[in-house]
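Novice: got a sequence here, can you build the structure:
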Amino acid sequence: MQPVQPRPTTPGLALRRYRFTLLFTSWPWRSLAYLLATPIVAITWLLTCWPLLPLAGVPVGHIERWRLRWVDLHPAPNPHTTPEPAGFRGWAGHRLREQTTWTELLCGVLLVPVSLLGFVVITIGLMLPAALVGSGALILTFLALGIDPASVDPTAEAIHQNPVAQAGFVLLGLVLFVAGMYLVTLTAEGQRYLTRLLISSPATRLVEQVGELTRSRARITSAFDDERRRIERDLHDGAQQRLTSLVMTLGTLHYQHQRGDDIAPLIQQARTDAQRAVDELREIVHGIYPSALSEHDLADALDELVLRTENAGLRATANIDLPDDIPTPVQVGVYFAASELITNVTKHADATSLFLLAHHTPDGTLYVTVQDDGHGGAHTGGSGLLGVIDRIETLGGHVKISSPAGGPTRITLEVPCASS
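Specialist: As a prediction, this is how the structure comes out:
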């Protein structure tokens, strides 16, 4: 199955995607509206914002970030930070220290020549071909009605009497108009790129992502240390004590056997200690790698989670459609994350029903959604959801949380997952 191609998000991507069908999409018309509005913004800015001097770029930055949505589907967040000092003086001083304030001012200054360039492109690429089509169609109409073009325009030449030549002009105008729409789209792409470069700081989002990844890595490292200490504690307090007791029981068993005493109770005690040690070791290993995945694939393991939830008294349904060749790290991460989400529902949501949806799209993305009818209000402040987010982000995915007060809560795990 061919992967689904992503929807173009800019005029440049649309030009590459729709080489021969561009005019049947919204991109050339969005680009035309974007270019037509640019002179209006430039003139309004020149007439109204110049008293702000170096701060004059701030309002045009807000307007251009809003207009950018016409030709760029990627979000353009405001790169300005919130000033700490109160009042206009504190705000102005804070803004003047920001690099974005000055790049926005440059954006405003460049709007004037950019709008002139857009006007030239629209004039040459669209208005002249449109005039050619209009005049040719008008003369053809006159000829079809039997009206001599010279009677309307004394300067008309012989070529105006030739319907074939006029039809050729109409056809040529249409071809040039189509080419002009491509040129308009290309010009809008250039203006979009320049505008985003000046009014939106890509580095800001990158720094935020790096910072979040650093914090996530620190939390994972801390969680790993905590898990290691938990395993050490469980081994020391549980399985090690059981095995020590078993060794002592076996020693006593050997001693009483040599004396000819009844050793049946000791054999039973040794058997009990050994079984408890095995059970505790199994529980510890289950925390490292789930036994459900050792015996089944991810689809069956998730179905087993839902079944256990239903047995616990919560109405639970599932719709699972997953391939059986999902990479092991993804299976483990998604299983533990889904298990934590279901545990949160049973413990904290005060819900009566739960629904789990799991599917794998052709573009290689795994989606797992857990929804309940509880009281809502889930947030990332607790360690449970934060651990889920860290686990999924480690796999290169992200978590979407919708949990308004009063419910319902809907949490979706989205993980890139090309089948192995």
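Novice: okay, CA-based contacts and neighbour counts for the rest of this
Specialist: Will do.
Novice: what about the helix ranked longest in the chain, average pLDDT?
Specialist: Ranked by residue count and defined by DSSP state H, the top helix of the chain is helix 163-199. The average of the pLDDT scores along helix 163-199 is 90.
Novice: please shift the residue numbers so they start at 18 in all later answers.
Specialist: Yep, numbering from 18; the last one is helix 180-216 now.
Novice: how about that helix, which residues are buried there?
Specialist: Neighbour-count burial for helix 180-216 flags 180, 183-184, 186-188, 190-191, 193-195, 197-206, 208-210, 212-213, 215-216 (criterion: 16 or more other CA atoms under 10 Å).
Novice: what helices and strands are in contact with it?
Specialist: Counting contacts by 3 or more CA pairs under 8 Å, 6 or more residues apart in numbering; DSSP states H and E, helix 180-216 is packed against helix 28-34, helix 44-65, helix 74-84, helix 116-139, helix 145-161.
Novice: rebuild those as JSON lines, extending it with distance to residue 431 and mean neighbour count.
Specialist: Listed next are the helices and strands packed on helix 180-216 as JSON lines, based on distance: least, CA to CA, whole Å; neighbours: other CA atoms under 10 Å:
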{"stretch": "helix 28-34", "distance to residue 431": "25", "mean neighbour count": "18"}
{"stretch": "helix 44-65", "distance to residue 431": "29", "mean neighbour count": "18"}
{"stretch": "helix 74-84", "distance to residue 431": "28", "mean neighbour count": "19"}
{"stretch": "helix 116-139", "distance to residue 431": "33", "mean neighbour count": "19"}
{"stretch": "helix 145-161", "distance to residue 431": "49", "mean neighbour count": "18"}
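Novice: and of the ones you listed, who's closest to residue 362?
Specialist: Residue 362 sits nearest to helix 74-84 of all these, at 39.5 Å, using CA to CA.
Novice: give me the angle between the closest one and helix 116-139.
Specialist: 60 degrees (axes from the mean of the first three to the mean of the last three CA atoms, to 10 degrees).
Novice: if we can go back for a sec, lowest average confidence across the helices and strands packed on helix 180-216, which one?
Specialist: Taking the mean pLDDT of the helices and strands packed on helix 180-216, helix 145-161 comes last: a mean of 85.
Novice: taking helix 180-216 as reference, get the angle to that helix.
Specialist: 160 degrees.
Novice: packing partners for helix 145-161?
Specialist: helix 166-169, helix 180-216.
Novice: any idea how far the host helix or strand of residue 428 is from the middle of the chain?
Specialist: Using DSSP states H and E, residue 428 sits within strand 426-433. Computed by CA atoms, centre = their mean, to the nearest Å, the chain-centroid distance of strand 426-433 equals 11 Å.
Novice: each with direction, which strands does it pair with?
Specialist: Sheet pairing for strand 426-433, assigned by DSSP bridges, gives strand 382-389 (antiparallel), strand 415-419 (antiparallel).
Novice: helix or strand right after the longest one?
Specialist: Moving toward the C-terminus from strand 382-389, the next helix or strand (DSSP H and E) is helix 400-411.
Novice: could I have the CA atoms of that next one written out in CSV?
Specialist: The C-alpha coordinates for helix 400-411 follow below in CSV (Å, rounded to 0.1, in the frame of the first residue of the first chain):
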residue,chain,number,x,y,z
SER,A,400,4.0,11.5,38.0
GLY,A,401,1.8,9.0,36.2
LEU,A,402,1.0,11.1,33.1
LEU,A,403,4.4,12.7,33.1
GLY,A,404,5.9,9.2,33.0
VAL,A,405,3.7,8.3,30.1
ILE,A,406,4.7,11.5,28.2
ASP,A,407,8.4,10.8,28.8
ARG,A,408,8.1,7.2,27.7
ILE,A,409,6.3,8.1,24.5
GLU,A,410,8.6,11.1,23.7
THR,A,411,11.6,8.8,24.1
